[in-house]
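1. Requesting a structural model of the entry that follows:
(one chain, ligands or ions: 1)
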Amino acid sequence: MTPSDPITRPKVTVRTIRDMKAERVKIVSVTAYDYPTARLADEAGVDLILVGDSLGMVVLGYESTIPVTMPEMAHHLKAVVRAQPKALVVADLPFLSFQTSAEDAVRNSGRLMKRGAEAVKLEGGRRMLPQIQAILAADIPVLGHLGLTPQSVHQFGGYRVQGRGQGAADALLDDAIALERAGCFAIVLEGVPLELGQAITAAVGIPTIGIGAGIDCDGQVLVLHDLIGLSFGKPARFVRRYAETGDTIRSAVAAFREDVRSGRYPSREESYAAAPEKPANKS
Ligand code: KIV
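-> Here you go, the predicted model:
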């Protein structure tokens with residue numbers, strides 16, 4: 001991926017994302033939860049910025065995504081939207097914002113759209129069809145999410161790969177086909193065997209965006225903080241670290257501490273004088 005000029009590159013829409021499958025261009029997506037990371041990801045040329053409910057674990061320090069609320073999602077979404085990304089901005093529907101009824105699903109999707117989201121993502125397959133259909137009927141684009149859906153962690157008994165075994169694989173395949181028929185513009189496939197990622201990608205006409213779902217998906221998404229080394233704990237098998245930003249921050253702050261303690265910071269040049277400085281001589 002080459003960085004692209006956010007001023008000149010065209011706005012990515014759900015249609016762009018859908019068309020990328022036919023064009024055989026891999027979709028690149030990362031999460032962002034604030035203004036600077038949204039700007040940097042957009043300047044790097046990603047196609048889709050996901051304001052994921054992973055923000056609960058990644059930047060709010062929760063144990064899972066389950067405590068994340070609609071006001072928290074809205075707060076972070078608004079910061080991302082202020083970066084005016086050319087990438088498509090998709091916001092997650094947090095736990096219990098849509099499972100309760102189709103009406104809740106539409107109302108909460110609408111809240112996210114009014115704050116600048118261009119599509120919503122929700123976890124679940126055929127069981128969530130009434131919600132998905134209702135959201136789509138309100139002309140709100142929906143990104144599906146199947147496999148290791150983190151909001152179901154307790155039902156799964158942990159963060160376990162899903163779709164292992166023929167029955168489970170067939171069920172996920174049927175879910176994917178149902179989401180396509182309902183009108184989702186793409187599907188995130190999380191934590192499934194690569195063979196199933198390949199089978200689902202081949203079976204549906206809409207793009208699959210994988211995270212721990214193998215190489216054959218139509219695109220890949222990673223949590224930005226995992227990718228840049230700004231998350232804690234053992235990373236999942238599928239995470240590739242492209243930077244060690246955590247180390248960079250730690251040593252920068254430690255260097256600042258040393259400079260303050262030793263009196264090396266601030267210097268005279270980093271201080272203001274009582275008399276205003278003369279403008280620089282232009283000759
Ligand atoms: O919340 C999130 O960041 C996600 C991605 C991991 C797909 O759902």
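
2. how many other residues sit next to A243?
-> 11 (other C-beta atoms under 10 Å). The way it works is simple: take the backbone N, C-alpha and C, and place the C-beta from them, glycine included.

3. what kind of secondary structure is the closest residue to A32 other than its chain neighbours in?
-> Leaving aside its sequence neighbours, A32 sits nearest to A38 (C-beta to C-beta, 6 or more residues apart in numbering; 4.1 Å). Three-state assignment for A38 (DSSP: H, G, I helix; E, B strand; the rest coil): helix.

4. ok, now which ones touch A38?
-> 32, 49, 79-83, 85 (C-beta atoms under 8 Å, 6 or more residues apart in numbering).

5. Kindly recompute the last result at 7 Å.
-> Contacts for A38 (C-beta atoms under 7 Å, 6 or more residues apart in numbering) come out as 32, 49, 80, 83, 85.

6. contacts with the ligand among those, please.
-> Restricting the contacts of A38 to those touching the ligand (C-beta under 6 Å from any ligand atom) yields no residues.

7. just these now: which is nearest the ligand?
-> A32 (9.8 Å; C-beta to the nearest ligand atom).

8. Is the closest one in contact with I49, as I believe?
-> Yes. When contacts are counted by C-beta atoms under 7 Å, A32 is listed as touching I49 (4.9 Å).

9. first to last residue in stretch 120-128, what's the distance?
-> Length of stretch 120-128, first residue to last, C-alpha to C-alpha, to the nearest Å: 14 Å.

10. now do stretch 89-101
-> Terminal-residue distance, stretch 89-101 (C-alpha to C-alpha): 24 Å.

11. in it, what's buried?
-> The neighbour-count criterion (16 or more other C-beta atoms under 10 Å) identifies 89-95, 97-99 as the buried residues of stretch 89-101.

12. residues of the strand or helix carrying M57 that come out buried?
-> Here M57, judged by DSSP states H and E, is contained in helix 55-58. Buried positions in helix 55-58, judged by neighbour count with 16+ other C-beta under 10 Å: 55-58.

13. who's in contact with it?
-> With C-beta under 7 Å, 6+ apart as the test, helix 55-58 has contacts from 33, 62, 64-65, 67-68, 76, 223, 225, 231.

14. Against which helices or strands is the very next helix or strand once past that helix packed?
-> Downstream of helix 55-58, the first helix or strand assigned by DSSP H and E is helix 70-81. When contacts are defined as 3 or more C-beta pairs under 7 Å, 6 or more residues apart in numbering; DSSP states H and E, helix 70-81 sits against strand 48-51, strand 88-92, helix 102-114.

15. Give me the phi and psi angles of the residue in the stretch 51-200 of the chain positioned nearest to the ligand.
-> For the stretch 51-200 of the chain, the residue closest to the ligand is G52, as judged by C-beta to the nearest ligand atom, at 2.3 Å. The phi/psi pair for G52 (degrees, to the nearest 10) reads phi -80, psi 160.
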